[in-house]
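> here is a sequence with its predicted model. Questions after.
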Amino acid sequence: METNNVTSLKAQTGSPAVAFQTSKPERTAYGVYFFGQSIIYMLLLNFHQIFLTDQGITAAAVATIFLVAKIWDAVSDPIFGVIIDRSKPKRGKFLPWIRWSIIPIAITTVLIFAMPASISLEMKIVWAMIAYLLWDLTYTLTDAPIFALTTAMTENIQERTVIISIGRVGGMIGTITIALGVPLLYPKIGWLATALAISVIGVIAKYPVTNLAQERVLSRKENAPSLGDIWKYLKGNKYLLIFYASMVVYSLTNTVLTLTPYFAVNNLGNPQAATTLLGITILPMLLLAAFTPALTKRFGKFNLYVFSIIFFIVFSVVIYFVGYENYPLFMLILVLRNLGAALTGILTFMFTPDCVEYGTFKTGERAEGITFSLQTFATKLMNGLSAAIALAGLAYFGFVEGAGAIQTPETLKGIWMMYSIFPVIGALLALPLLRMFKLRDDNVQVMAQANNGEITREEAFQLLPEEFHFKQI
C-alpha cells in the first residue's frame, strides 16, 4: 500500500499531472509588464554611462557613481525585502507594491536625463549621483515583487518556468526596442524627450498585470515573520546564496553590454554598428525564450544553465583570436557566443522560485520578499559592478571622453580585450560554485507540494534524496 502511495506521489511531481492555474491573459500581462520594465532598465543599462560621459563626466567618476549605488543597494534592498515579508496589504502580498511602484520609476528615469547642460561639472556629478540613487531605490520597488509574484500565481514548477519565460520574451522585445530605437531617436529629439517617451510607454505596459494577475498561493502563516525568522531563512537557504554568488561572479567581468557602444564607435568606426551589435546580442534571447520550457523539461534547468556558460566561454576565446578585421566572420562567431549568453540570461531568474521552495521546506518560513529582493540586489550589483569595471578599464587604457574624441591604439586594444575575452574570467570562476548547487527540478516540485500541504514531509522524504531529509530548523 505504501509503495502504491509513493508511486502516486511520483506521478504528481511530473508537470503534466499538475494543471496550470493561471489564465492566458494573466500570463500575457506578465510578459507585457516585463516589456515596460525592460525598456526603462535597458535605457539605463546601455545608455546611462554614454549620457554621463557626453556631459563631460569622466569614466572614472561614472564608475564611482555606480559603485556608490551598489553600496546603497546593499542596505536598501534587504530592508525592502523584509518590509514585503512583514507587510499585509489588503489586496495581496505583491500586487500592491507593483501597483505603487509604476509611477515613481518613470519619474526617476526622466529625472536622470533632465540634468541641465549649463550647470558646473561638480553639480552634474551631484545630480547624477542623487538621481541614480533615487532611481535605484524605485527599481527595487518595481522589480522584486514582480518576480516574487510567480510563486503566488501558481505552485506548479513547470508553469512558473512558462510564466518566467513569457516574462523574458517581453523583456527581450523591450531590450531590442531600446537597442534599435534609442540610437536613432536621441540624436533627433534629445535625451530628455527620449527618456520621457520611454517612461510613458513603460507605465502603460506595466498596469495590466495589476488588474489581471491573481495571488493564489499564499503563506499559511497568520503572523508576519520576525527579523529573526527571516535571518534563519536566509542562513538556512544555502542554495540561494550559492546560486547568486555564482551569478555575481559570472557577471563581474561580463562587460560586453557596457562596452558595445564604445567598441562600435571607436574600434569599428561606425556609431550605427552599436544597434546591430546590441541586436545580435539580444535577438538570440528572444528566439530561445520560446523554446526554453521545452528545453528545460527535456534536459533540466541546471544542466542547460551550465552548458550555456561553457558554450559562452568557448566562443569568447574563439572570437578573441579571430578578431574583428574579417567583419562577416566576426559577426558569425558573435552570434554563436551570444547564443550561450542568451540562454544563461533566460535561465538565471528561474532558479529563485526553486530556492524559495527549498528555503520554505527546510526552515518553515516562506520569505519571498527577502529572496527576490536578494535577486534584485544581485542583478543590480552584477550590472553595476560590471559597468564600473568596464568604465574603470576604459580609464586604465587611457580612454578620452567626449563626442568625437580620438583614441590611441593601446586604448582600442584594451576595449577589444574587455569586449571579447575578459568575460571568460568570471564565467570560469562561476563553474566551481555551481558544482555545489544540488537542487533539481523534480526535487523542487516535491518540496512545493509538501510546502502547500498536498503531501506530508514524510511522504516527501520518500521521493527526495537523503541530503534533503532534514527537520525544519
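Perfect, thanks for sending it. Numbers count the residues shown, from 1 in each chain.
> in the stretch 201-350 of the chain, which segments are predicted with low confidence?
218-230 (pLDDT under 70).
> how about a cut-off of 50?
222 (pLDDT under 50).
> what's the nearest residue to Glu159 if we skip its chain neighbours?
Using Cβ to Cβ, 6 or more residues apart in numbering and skipping residues adjacent in sequence, the residue nearest Glu159 is Phe20, 4.9 Å away. Glycine gets a C-beta too; all of them are placed from N, C-alpha and C.
> what's the spacing between the residue most central in space within the chain and Leu44?
By Cα atoms, centre = their mean, the chain has its centre lying nearest to Thr379, at 5.0 Å. From Thr379 over to Leu44 the distance is 12 Å, taken as Cβ to Cβ, to the nearest Å.
> these two touch, right, Val446 and Ala460?
Yes - between Val446 and Ala460 there is a contact under Cβ atoms under 8 Å: 5.2 Å.
> who's more crowded, those two?
Higher neighbour count among Val446 and Ala460: Val446, with 25 against 22, using other Cβ atoms under 10 Å.
> pull out the buried positions in the helix or strand that one falls within.
Assigned by DSSP states H and E, Val446 belongs to helix 441-451. By neighbour count on 16 or more other Cβ atoms under 10 Å, the buried set for helix 441-451 is Asp441, Asp442, Asn443, Val444, Gln445, Val446, Met447, Ala448, Gln449, Ala450, Asn451.
> hmm, who's touching it?
Contact with helix 441-451 is made by 9, 12-15, 18, 155-158, 296, 300-302, 353-354, 357-358, 360-361, 366, 455-457, 459-460, 463-465, 468, as judged by Cβ atoms under 8 Å, 6 or more residues apart in numbering.
> chain center to it, what's the gap?
Relative to its chain's centre, helix 441-451 lies at 24 Å (Cα atoms, centre = their mean, to the nearest Å).
> only alpha carbons, please: show that helix as PDB.
C-alpha atoms of helix 441-451 as PDB (Å, rounded to 0.1, in the frame of the first residue of the first chain):
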ATOM      1  CA  ASP A 441      13.500  20.500 -10.800                       C
ATOM      2  CA  ASP A 442      12.000  17.200  -9.600                       C
ATOM      3  CA  ASN A 443      13.200  17.900  -6.000                       C
ATOM      4  CA  VAL A 444      11.600  21.300  -6.100                       C
ATOM      5  CA  GLN A 445       8.200  20.000  -7.300                       C
ATOM      6  CA  VAL A 446       8.100  17.600  -4.300                       C
ATOM      7  CA  MET A 447       9.000  20.400  -1.900                       C
ATOM      8  CA  ALA A 448       6.400  22.700  -3.300                       C
ATOM      9  CA  GLN A 449       3.700  20.000  -2.800                       C
ATOM     10  CA  ALA A 450       4.900  19.500   0.800                       C
ATOM     11  CA  ASN A 451       5.000  23.200   1.500                       C
END
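> now do the contacts for Asn270.
Ala264.
> report the secondary structure state of it.
Using DSSP: H, G, I helix; E, B strand; the rest coil, the structure places Asn270 in coil.
> let's have the chain start at 627 instead
Let's use 627 as the start, then, which means that last one is Asn896.
> phi, psi for it please.
Asn896 has phi and psi values of phi -150, psi 100 when expressed as degrees, to the nearest 10.
> what sits against the residue nearest to Glu785?
When contacts are counted by Cβ under 8 Å, 6+ apart, Phe646 touches Thr780, Asn782, Glu785, Val788.
> same question, Lys1097
Lys1097 makes no contacts at all, as judged by Cβ under 8 Å, 6+ apart.
> got it, and Val944?
Contact partners of Val944, counting by Cβ under 8 Å, 6+ apart, are Ile959, Arg963.
> now with 6 Å?
Ile959 (Cβ atoms under 6 Å, 6 or more residues apart in numbering).
> gap between it and Ile1041?
For Val944 relative to Ile1041 (Cβ to Cβ), the value is 19 Å.
> can you check Thr776 too?
38 Å.
> higher neighbour count, these two?
Under the neighbour definition other Cβ under 10 Å, Thr776 and Ile1041 were set side by side, and Thr776 has more, 27 against 23.
> so is that one in a helix, a strand, or just coil?
Secondary structure, three-state DSSP: Thr776 is helix.
> can I assume Arg786 is in contact with Asp980?
No - Arg786 lies out of contact with Asp980 (Cβ atoms under 6 Å); the separation is 8.6 Å.
> so between these two, which is more surrounded?
Neighbour tally, Arg786 and Asp980, criterion other Cβ under 10 Å: the higher count belongs to Asp980, 27 against 23.
> now do the phi/psi pair for that one.
The phi/psi pair for Asp980 (degrees, to the nearest 10) is phi -60, psi -40.
> now it, nearest residue through space, not along the chain?
Distance criterion Cβ to Cβ, 6+ apart; nearest residue to Asp980, sequence neighbours excluded, is Val1070 at 4.4 Å.
> what's the spacing between the residue nearest to Glu785 and Tyr833?
Between Phe646 and Tyr833 the distance is 24 Å, computed by Cβ to Cβ.
> can you map out the helices along the stretch 977-1099 of the chain?
In order along the chain, the stretch 977-1099 of the chain carries the following helices (DSSP state H, counting those that start in this stretch): 977-989, 994-1022, 1035-1046, 1049-1060, 1067-1077, 1083-1089.
> nearest to Leu737, out of those helices?
Among those, helix 994-1022 comes nearest to Leu737, with 17.8 Å by Cβ to Cβ.
> can you name every helix or strand that that closest one contacts?
Contact here means 3 or more Cβ pairs under 6 Å, 6 or more residues apart in numbering; DSSP states H and E; on that basis helix 994-1022 packs against helix 685-712, helix 747-779, helix 864-878, helix 882-888, helix 977-989.
> recalculate using a threshold of 7 Å.
Contacting helix 994-1022 under the criterion 3 or more Cβ pairs under 7 Å, 6 or more residues apart in numbering; DSSP states H and E are the following elements: helix 650-680, helix 685-712, helix 747-779, helix 864-878, helix 882-888, helix 977-989, helix 1035-1046.
> now do the buried residues in that helix.
Neighbour-count burial for helix 994-1022 flags 994-1021 (criterion: 16+ other Cβ under 10 Å).
> from the chain's centre, how far out does it sit?
Centroid displacement of helix 994-1022 relative to its chain, using Cα atoms, centre = their mean, is 10 Å.
> and for stretch 779-794?
From the chain centre to the centre of stretch 779-794 is a distance of 15 Å (Cα atoms, centre = their mean).
> can you tell me what sits against it?
Stretch 779-794 has contacts (Cβ atoms under 7 Å, 6 or more residues apart in numbering) with 641, 644, 646-648, 653, 656-657, 660, 776, 839-843, 911, 915, 918-919, 922-923, 972, 975-976, 979, 1067, 1070-1071, 1074, 1078.
> same thing but 6 Å
Taking Cβ under 6 Å, 6+ apart as the rule, stretch 779-794 contacts 641, 644, 646-648, 653, 656-657, 660, 776, 843, 915, 918-919, 922, 972, 976, 979, 1070-1071, 1074, 1078.
> got the CA positions of that stretch in CSV?
The C-alpha trace of stretch 779-794 is given here as CSV (Å, rounded to 0.1, in the frame of the first residue of the first chain):
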residue,chain,number,x,y,z
MET,A,779,0.4,32.9,-9.0
THR,A,780,0.9,29.1,-9.1
GLU,A,781,2.5,26.2,-7.2
ASN,A,782,3.3,24.3,-10.5
ILE,A,783,7.1,24.5,-11.1
GLN,A,784,6.8,23.9,-14.8
GLU,A,785,4.1,26.6,-15.0
ARG,A,786,6.4,29.1,-13.2
THR,A,787,9.0,28.3,-15.8
VAL,A,788,6.5,29.1,-18.6
ILE,A,789,5.5,32.4,-16.9
ILE,A,790,9.1,33.5,-16.4
SER,A,791,9.8,32.5,-20.0
ILE,A,792,6.9,34.7,-21.1
GLY,A,793,8.3,37.5,-19.0
ARG,A,794,11.7,37.0,-20.6
